[in-house]
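*Asks:* Sequence and computational prediction follow.
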Amino acid sequence: MRTVDPEKHEARRRQILDAAVLCFARRGFHQTRTAEICAEAGMSPGNVFHYFAGKDDIIAAIVDEDGRETAARFARADGETDAIAALMARIDASLALATDPIQVRITLEVVAEAVRNPAMMACAARNEAVRRTALAGLLEWAQAQGQLAAGLDIAAAVDWVLMLLDGYFDRAVIDPAFDAGVARARLRASILHFLRGEAA
């Protein structure tokens, strides 16, 4: 029996997903043909179908990976001691994604597809739950350190922070005069002001 090398398998799978992301960013989920993904990946259709059942399977894998990356981005790292500093670092990392044109186009594709496709909506909702849980964990850590008010409603704070992050993303997409640096500074100041009453 042929032995599968897990590292090579993952590398080939990664190669296909990276190619698909570029294709989807250029032409969208529905306009992209599987043949284009194969060409971008430099693989035959048979090779690609060895790793994925089809285009929908590739799209689902991209969304699932986004969820894992979100969880990793918000996860508490070894050696971190300042919860608010850790929180703001995650927020900065999230804001940086809004200036990546590939990330922006793929995110918009996922949102649009989720409206039409229940399976995609389920994937997107799962990722959102991961983001909410991770953010709540950081806020609870900050609260336990005494960096946030003991009475702060964590669930409400999570809603508020996510609405600000999503609003930043929307403005970055639709406002041609959007200044990412200025907006980032204002958003950071607003979050700190809300969470612990610092002067903006």
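*Replies:* Structure received.

*Asks:* quick one: which helix or strand includes Thr107?
*Replies:* Using DSSP states H and E, the element containing Thr107 is helix 101-116.

*Asks:* list the helices and strands that helix packs on?
*Replies:* Judged by 3 or more C-beta pairs under 8 Å, 6 or more residues apart in numbering; DSSP states H and E, helix 101-116 is in contact with helix 6-31, helix 55-74, helix 83-97, helix 118-144, helix 154-174. (C-beta placed from N, C-alpha, C; glycine too.)

*Asks:* mind listing what's buried in the third one?
*Replies:* Judged by neighbour count (16 or more other C-beta atoms under 10 Å), helix 83-97 contains these buried residues: 83-84, 86-91, 94-95, 97.

*Asks:* Which two among those are spaced furthest apart?
*Replies:* Farthest apart among the buried residues of helix 83-97 by C-beta to C-beta are Ala83 and Leu97. That separation is 22.0 Å.

*Asks:* From Leu195, how far off is Gln143?
*Replies:* 9 Å (C-beta to C-beta, to the nearest Å).

*Asks:* Kindly point out which residues are neighbours of both of the two.
*Replies:* Leu152 (C-beta atoms under 8 Å, 6 or more residues apart in numbering).

*Asks:* the more surrounded of these two?
*Replies:* Leu195 (21 against 18; other C-beta atoms under 10 Å).

*Asks:* Now the more buried one: closest residue in space, sequence neighbours ignored.
*Replies:* Leu148 (5.5 Å; C-beta to C-beta, 6 or more residues apart in numbering).

*Asks:* I'd like the mean pLDDT over stretch 120-130, please.
*Replies:* The predicted model assigns stretch 120-130 a mean pLDDT of 90.

*Asks:* Kindly format the C-alpha coordinates of it as CSV.
*Replies:* Written as CSV, here are the backbone C-alpha positions of stretch 120-130 (Å, rounded to 0.1, in the frame of the first residue of the first chain):
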residue,chain,number,x,y,z
MET,A,120,-21.7,28.5,3.6
MET,A,121,-23.8,30.5,6.2
ALA,A,122,-23.2,27.6,8.6
CYS,A,123,-19.4,27.8,8.0
ALA,A,124,-19.4,31.6,8.4
ALA,A,125,-21.5,31.4,11.6
ARG,A,126,-19.0,28.8,13.0
ASN,A,127,-16.1,31.2,12.3
GLU,A,128,-18.0,34.1,13.9
ALA,A,129,-18.6,32.0,17.0
VAL,A,130,-14.8,31.3,17.1
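
*Asks:* Show residues contacting that stretch.
*Replies:* 59-60, 63-64, 66-67, 70-71, 110-111, 113-115.

*Asks:* would JSON lines of the residues you listed with neighbour count, pLDDT and distance to His50 be doable?
*Replies:* Shown next, in JSON lines, are the contacts of stretch 120-130 (neighbours: other C-beta atoms under 10 Å; pLDDT from 0 to 100; distance: C-beta to C-beta, whole Å):
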{"residue": "Ile59", "neighbour count": "24", "pLDDT": "93", "distance to His50": "18"}
{"residue": "Ala60", "neighbour count": "17", "pLDDT": "90", "distance to His50": "17"}
{"residue": "Val63", "neighbour count": "21", "pLDDT": "91", "distance to His50": "21"}
{"residue": "Asp64", "neighbour count": "13", "pLDDT": "90", "distance to His50": "19"}
{"residue": "Asp66", "neighbour count": "20", "pLDDT": "88", "distance to His50": "23"}
{"residue": "Gly67", "neighbour count": "17", "pLDDT": "87", "distance to His50": "24"}
{"residue": "Thr70", "neighbour count": "20", "pLDDT": "86", "distance to His50": "28"}
{"residue": "Ala71", "neighbour count": "14", "pLDDT": "84", "distance to His50": "28"}
{"residue": "Val110", "neighbour count": "21", "pLDDT": "90", "distance to His50": "25"}
{"residue": "Val111", "neighbour count": "12", "pLDDT": "88", "distance to His50": "30"}
{"residue": "Glu113", "neighbour count": "20", "pLDDT": "89", "distance to His50": "25"}
{"residue": "Ala114", "neighbour count": "17", "pLDDT": "90", "distance to His50": "28"}
{"residue": "Val115", "neighbour count": "9", "pLDDT": "90", "distance to His50": "32"}
